[in-house]
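Participant: show me how the following folds:
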Amino acid sequence: MASADVTTIEAALKEGWTQDNLEAQFMKDDPVLEAIGVISPDNLVGEYALTGVHTGRGGGITKVPSTGSKELNQPGPEQTNQAKWKLKRTVGAVEIDTAAIKQTQNKSQSVANIVDLETEGKISTARKQLTSELMRDQTGLICQLKENTTTTTLKLAVEGEYGLGVEATMQGWLNEGQLIDIGTTSEEAVKADGVEITAVADSETEPTITISGSNISTTESHYVSIKNGRSGTTSYDINGLRNIACTTAKLGEINPATENGWKAAFVDTTGKDLTRQRVISGRRRVRKKGKRPDWAITSLEQVEVLENETYPQVRFDSPDKQNTGDGESIKIGNLEVQGHEDTPRGDFTYLSKAHLKMLRDEKPYWHGEKFGSGILQIKAGTTFVYGSFEWFCEAITNRRNVFGRFSKLTVPTT
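Facilitator: Below you'll find the predicted structure:
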């Protein structure tokens, strides 16, 4: 490929895909990512980003008679701590066939169109990975398997905490061509190491994936994860709503067992139906911890449940009329409920927008531009030029008790 051709492609990448634009594209076109926004850490120490967090109220209040007092109680500062976040790496790779560029005869606008199409697609795929991680629990476990005997077509579990087979297949967490590991919670590839998904069946009752390689047998103690997405119990996923809105899990290297205020207001795993009354009750349970939640994130299925319950109510014609549902969001009183296609179907999480952020030390960058001589290079043995971008980021909160969660809610049948 002529150097002029590479120069033309790199010019299009540098003009249209700066660090600012890469970050904007990561966060756009998704109602949750757009709402939470991006922040920088207070400080960086080694591989950790540090931020201050609120863990409880302070003392220092004194009640005195009208005549005054010479013995005021000692001041007690608000209870705070410093959270340590290890930023997670999300990498996307762009490949462009040299023939596609050659056919444009180096016309800059045509080259830019090809570059934009490829780069937008890869960022969309990377964004999909981030949102799916944000709705899970940071373990790297995508879904549980059912019992399967000597086969390459594997049934996925649909019940229980990791019974996310329907979500994984319907929502694109697992797709054809993806490389996966299959193992236990402690050994990620004990059953299959880096096999390829060759087919996906997204049934609502018995979803399956078909894998390359030899037949395997599995039990309900086996799980699917992205190839090399975890090493034993160490996961490379970002934090998700399930482990942020939790009363027992460590977060930001702070343990709620020793820092009592550093946990969700409540976690209700009793399941059953979601109703308007339960939504209001859950809002109250979070509010009693000190701050009103202004947002909830749930599945599209649960939005439908609330919409069907709310629809018969009186509608108002004023511009600020009640939002009784549009299939994607609904308002219950003053609580905005946002549906998201990557949320597990039985989950409903309360939070405050001000207290959920994406933390990063710098904006996404092209590896070749930062560490090499140019964004692109010829990929050996192929007719493609290759470039990759990376974003170090983590989902964080500075106030955990504004979160609350229902899980295992009844899912409506179609």
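Participant: can you read off the pLDDT for the residue of the chain positioned farthest from its centre?
Facilitator: Distance from the C-alpha centroid of the chain peaks at Thr67, with 56.9 Å (C-alpha atoms, centre = their mean). At Thr67, the pLDDT value in this model is 75.
Participant: who's in contact with it?
Facilitator: Residues near Thr67 by C-beta atoms under 8 Å, 6 or more residues apart in numbering: none. Every residue, glycine included, has its C-beta placed from N, CA and C.
Participant: cool, Phe392 as well?
Facilitator: 87-89, 360-362.
Participant: sort out which residues of the host helix or strand of Arg89 are buried, please.
Facilitator: Per DSSP states H and E: Arg89 is located in strand 88-97. Buried residues in strand 88-97, defined by neighbour count with 16 or more other C-beta atoms under 10 Å: 88, 90, 92, 94, 96.
Participant: isn't the third one right up against Ser388?
Facilitator: So that's Gly92. Yes: between Gly92 and Ser388 there is a contact at 6.6 Å, judged by C-beta atoms under 8 Å.
Participant: give me the most central residue, the protein.
Facilitator: Central residue of the chain (C-alpha atoms, centre = their mean): Leu134, at 1.6 Å.
Participant: might one say that that one is in contact with Thr343?
Facilitator: No: with contacts counted by C-beta under 8 Å, Leu134 stays clear of Thr343, the gap being 9.2 Å.
Participant: quick check: neighbours shared by the two?
Facilitator: Joint contacts of Leu134 and Thr343 (C-beta under 8 Å, 6+ apart) are Leu241.
Participant: buried ones in the longest helix that the chain contains?
Facilitator: If you go by DSSP state H, the chain has its longest helix at helix 108-134. Buried positions in helix 108-134, judged by neighbour count with 16+ other C-beta under 10 Å: 110-112, 114-115, 118-119, 122-124, 126-134.
Participant: same check, this time on stretch 247-266
Facilitator: For stretch 247-266, burial by neighbour count (16+ other C-beta under 10 Å) applies to 247, 249, 251-252, 254, 256, 259, 261-266.
Participant: same list, those, but as CSV with distance to Leu145 and pLDDT please.
Facilitator: Formatted as CSV, these follow (distance: C-beta to C-beta, whole Å; pLDDT from 0 to 100):
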residue, distance to Leu145, pLDDT
Thr247, 28, 97
Ala249, 23, 96
Leu251, 28, 97
Gly252, 31, 97
Ile254, 33, 96
Pro256, 31, 96
Glu259, 36, 93
Gly261, 38, 92
Trp262, 34, 96
Lys263, 31, 96
Ala264, 29, 97
Ala265, 33, 97
Phe266, 31, 97
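Participant: of those, closest to Val286?
Facilitator: Distances from Val286 to these, taken as C-beta to C-beta, are shortest for Ala265 (4.3 Å).
Participant: mind checking how far the closest one is from Asp294?
Facilitator: 14 Å (C-beta to C-beta, to the nearest Å).
Participant: show me the shaky parts of the stretch 201-350 of the chain.
Facilitator: For the stretch 201-350 of the chain, applying pLDDT under 70 flags the ranges 311-324.
Participant: which of the helices or strands spans Gln25?
Facilitator: Gln25 belongs to helix 19-27 when elements are defined using DSSP H and E.
Participant: do the same with Tyr350
Facilitator: Counting by DSSP H and E, Tyr350 is found in strand 348-351.
Participant: using PDB, list the CA coordinates for that strand.
Facilitator: This file holds the C-alpha atoms of strand 348-351, laid out as PDB (Å, rounded to 0.1, in the frame of the first residue of the first chain):
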ATOM      1  CA  PHE A 348     -34.500  -2.500  39.400                       C
ATOM      2  CA  THR A 349     -31.900  -0.200  40.900                       C
ATOM      3  CA  TYR A 350     -32.400   3.200  42.600                       C
ATOM      4  CA  LEU A 351     -29.700   5.800  42.500                       C
END
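Participant: that strand: what's the following helix or strand?
Facilitator: strand 357-360.
Participant: centre of the chain versus that following strand, how much separation?
Facilitator: 12 Å (C-alpha atoms, centre = their mean, to the nearest Å).
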